[in-house]
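Novice: Quick one, what's the 3D model for this:
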Amino acid sequence: MSNLFWLTDEQMARLRPFFPKSHCKPRVDDRRVLSGIIFINRNGLRWCDAPKEYGPPKTLYNRWKRWSEMGVFARMFEGLAAEATAPTTILIDATYLKAHRTASSLRGKKGGRGRLIGRTKGGMNTKLHAITDTDGRPIRFFITAGQISDYTGAAALLGYMPKAQWLLGDRGYDADWFREALQDMGIRPCIPGRKARKKPVKYDKRRYKRRNRIEIMFGRLKDWRRVATRYDRCPEVFLSAIALAATVMFWL
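Specialist: Residues are numbered from 1 along each chain as shown. Next up is the predicted model:
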């Protein structure tokens, strides 16, 4: 079928160094299984609906679940992103990802808080915090429950920011402690001040116009249906879906 996705030889060569070593018997064809995993995530299908060309659905799901819990897909994303040239300007922002009822059900001990899903005006959501390079290609991700503030994501990502000259962010990141932390790292913040500030904050309006690139990146990520709508209960598995989408679209 012409509409099925298949990884190329060049793409497999770049991904292969991140594969875990196979113990005992050899793994099932990596190209076929990974291509099937990508197809399922991009189209938002149930695993049982995987096209037969990719092999047994149970094989796809087991590989997806096991490698997600091992952090393989996150390492693929981080490793390929690290190969890029250090950016002069980085961007930071966050977006909401809708949680399906299958991901947000079962509260308390069986799920609930540990799933990083929270109630907002738009319903049950997970918030994705991201840093991108000058071209809007993602470098780092961090997920929280939907009601968590942008400050929390900024604090978590602060230690993972690459060396850069500028950081672009919207008013949600206007905090004195964040500006001071960036300046201590040698990064100049280009962040508009909140309207409630008594003293206006100056920023480079011309440079700030580039911030739309991170919003474009979020839009492209949400083209993958299992990213735009969270079906996975486990946050590590959902973060793997985000990392896989970013790897295929931006770094392969």
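
Novice: now the helices for the stretch 51-200 of the chain?
Specialist: Using DSSP state H, counting those that start in this stretch, the helices of the stretch 51-200 of the chain run over 57-69, 72-82, 101-104, 150-158, 176-184.

Novice: Just the element for the closest residue to R63 other than its chain neighbours, please.
Specialist: Counting by C-beta to C-beta, 6 or more residues apart in numbering, R63 lies nearest to V33, which is 5.1 Å off, once chain neighbours are set aside. Every residue, glycine included, has its C-beta placed from N, CA and C. Following DSSP states H and E, one finds V33 within helix 30-43.

Novice: Report the buried residues of that helix.
Specialist: Buried residues in helix 30-43, counted by 16 or more other C-beta atoms under 10 Å: D30, R32, V33, L34, S35, G36, I37, I38, F39, I40, N41, R42.

Novice: Pull up the gap between the third one and P56, please.
Specialist: As judged by C-beta to C-beta, to the nearest Å, V33 and P56 stand 10 Å apart.

Novice: Check C234 too.
Specialist: Separation of C234 from P56 (C-beta to C-beta): 22 Å.

Novice: any weak-confidence spans in the stretch 1-150 of the chain?
Specialist: The stretch 1-150 of the chain contains residues with pLDDT under 70 at 1-2, 105-113.

Novice: try 90
Specialist: Regions of the stretch 1-150 of the chain meeting the criterion pLDDT under 90 cover residues 1-3, 21-28, 84-86, 101-115, 119-123.

Novice: mind checking how far R14 is from R32?
Specialist: For R14 relative to R32 (C-beta to C-beta), the value is 17 Å.

Novice: Rebuild the helices of the stretch 51-200 of the chain as JSON lines, extending it with mean neighbour count and distance to A196.
Specialist: Listed next are these as JSON lines, based on neighbours: other C-beta atoms under 10 Å; distance: least, C-beta to C-beta, whole Å:
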{"stretch": "helix 57-69", "mean neighbour count": "18", "distance to A196": "41"}
{"stretch": "helix 72-82", "mean neighbour count": "20", "distance to A196": "36"}
{"stretch": "helix 101-104", "mean neighbour count": "16", "distance to A196": "33"}
{"stretch": "helix 150-158", "mean neighbour count": "18", "distance to A196": "15"}
{"stretch": "helix 176-184", "mean neighbour count": "14", "distance to A196": "13"}
